[in-house]
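K.L.:
need a 3D model of the following:
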Amino acid sequence: MAKPLIKQKTIANVHESLNLGKPPHPLITVIDTSKLVHREEDIGTSFSSDLYCIALKDSNCGLDYGRTHLDFTEGALLFSAPKQVFTVTKTQELGEVNGWLLYFHPDLIRNTSLAGKMDSYNFFNYEIHEALHLSDKEEEILINCIDMIRNEINERIDHHSQQVLVSNIELMLNYSVRFYERQFLTRAAQNHDVVAKVESLLQQYYHEDKLTEIGQPSIQYLADQCNLSPSYLSDLLAKETGRSAKNHINDFLLDKAKDLLLSSEDSVSGIAYILGFNYPHYFGRLFKKKMGMTPLEYRQANN
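P.N.:
A predicted model of the protein is given here:
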């Protein structure tokens, strides 16, 4: 019989579900993972959180994250947006996993400049196998950040507390952006393989007439075929080519459109249909935006 899902709506809920004491701050906490214990009776227990979570772990901690098993032999930094589900899959003894968990409630950053930037930190939507693997120096920098946050949490709350905490969270996130860029650079060979695979998938999709039969490929489709999350794939393509996944799809469709306009006598509406556009005026609008002229003007200018 499946165990009920435990919902963590507050920092107090997190502490209660992990058998920890009362949190010193109502909207943010830092938890030492070496003090966490998972017993046999905890296996199969799932948690759904309304909080943001950033975690540094140094080994397999026996958790499923969404549909993916968390199994690292070395340390990694993980990001989780609200509504993610974690499931305990193995026991954990005291001191078995070193690291920390930073939880913060969306109310902590509400009405701050950070709230408007959160959607730009795409790594909160990455899959677990796309985690950030840190160098020793990078890990030390983030530990310094977490120490400042931990110290502020334990101070008496005053008019400056929220700004100090939010500033340190933002500093940590901005460092993470830099470190992810380093990780993308050091994985250039693997990334080039992904770029080549995306181009191949688009060509295959076109030649199998899927554009006409089922419509244009989505970013989710390409990401699934590459075993990546849509956010990670789009960031990877942007780093490698300067173009997002959506722009890759649109540029591919425009290249095929130009070929069809010059090599066939199909109408503009017919070509739009072949390329999976439900409405020809969407095709015309995209073409003019990218090419600076309508499809018909392009055909007339090049024939």
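
K.L.:
which strands and helices lie in contact with the top helix by length along the chain?
P.N.:
Counting by DSSP state H, the longest helix found in the chain is helix 161-186. Applying 3 or more CB pairs under 8 Å, 6 or more residues apart in numbering; DSSP states H and E, one finds that helix 161-186 makes contact with strand 76-80, strand 99-104, helix 106-109, helix 136-153, helix 230-241. Any C-beta I mention is one placed from the backbone N, CA and C, and that applies to glycine too.

K.L.:
C-terminal to the first one, what's the next element?
P.N.:
Note on strand 76-80: by DSSP states H and E, the next helix or strand toward the C-terminus is strand 85-88.

K.L.:
now that following strand: mean pLDDT?
P.N.:
What strand 85-88 shows for mean pLDDT is 84.

K.L.:
that one: which residues count as buried?
P.N.:
86-88 (16 or more other CB atoms under 10 Å).

K.L.:
now do stretch 192-209
P.N.:
Applying a neighbour-count criterion of 16+ other CB under 10 Å, one finds 194-195, 198, 201-202, 205-206 buried in stretch 192-209.

K.L.:
list the residues that contact residue 244.
P.N.:
Listed by CB atoms under 8 Å, 6 or more residues apart in numbering, the contact partners of residue 244 are 234, 237-238.

K.L.:
mind running it again at 6 Å?
P.N.:
Applying CB atoms under 6 Å, 6 or more residues apart in numbering, we find residue 244 in contact with 234, 238.

K.L.:
quick thing: my sequence starts at 59, can you match it?
P.N.:
Happy to do that; since the first residue is 59 now, the last one works out to residue 302.

K.L.:
just the helices in the protein please.
P.N.:
Under DSSP H, the chain gives helices at 69-75, 164-167, 194-211, 219-244, 246-265, 268-272, 277-283, 288-299, 303-321, 326-332, 338-349, 353-360.

K.L.:
from the buried residues of strand 143-146, pick the one nearest residue 277.
P.N.:
Here the nearest of those to residue 277, counting by CB to CB, is residue 144; it sits at 25.4 Å.

K.L.:
can you name the residues bridging to the residue nearest to the closest one when sequence neighbours are not counted?
P.N.:
Nearest residue to residue 144, sequence neighbours excluded (CB to CB, 6 or more residues apart in numbering): residue 105, at 4.8 Å. Counting by DSSP bridges, residue 105 is bridged to residue 64, residue 144.

K.L.:
residue 105 contacts residue 145, doesn't it?
P.N.:
No. Residue 105 is beyond contact range of residue 145, at 7.7 Å (criterion: CB atoms under 6 Å).

K.L.:
re earlier: deepest of the helices of the chain, which one?
P.N.:
helix 288-299 (a mean of 20; mean count of other CB atoms under 10 Å).

K.L.:
so where's the stretch 159-308 of the chain uncertain?
P.N.:
Scanning the stretch 159-308 of the chain for pLDDT under 70 picks out nothing.

K.L.:
wait, what's in contact with residue 180?
P.N.:
Counting by CB under 6 Å, 6+ apart, residue 180 makes contact with 289, 293.

K.L.:
if we go to 10 Å?
P.N.:
For residue 180, the contacting residues are 137, 235, 238, 287-290, 292-293, 296, by CB atoms under 10 Å, 6 or more residues apart in numbering.

K.L.:
and for residue 207?
P.N.:
By CB under 10 Å, 6+ apart, residue 207 lies in contact with 83, 86-88, 158, 160, 162, 222-223, 225-227, 229-230.

K.L.:
next one: residue 168
P.N.:
Contacts of residue 168 (CB under 10 Å, 6+ apart): 85, 220, 224.

K.L.:
quick check: the second one touching residue 170?
P.N.:
By that I understand residue 220. Yes. Residue 220 is within contact range of residue 170, at 7.5 Å (criterion: CB atoms under 10 Å).

K.L.:
just to revisit the earlier point, I'd like the helices of the chain as a markdown table, with distance to residue 116 appended.
P.N.:
Shown next, in a markdown table, are the helices of the chain (distance: least, CB to CB, whole Å):
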| stretch | distance to residue 116 |
| --- | --- |
| helix 69-75 | 21 |
| helix 164-167 | 27 |
| helix 194-211 | 9 |
| helix 219-244 | 17 |
| helix 246-265 | 24 |
| helix 268-272 | 44 |
| helix 277-283 | 28 |
| helix 288-299 | 23 |
| helix 303-321 | 32 |
| helix 326-332 | 53 |
| helix 338-349 | 47 |
| helix 353-360 | 56 |
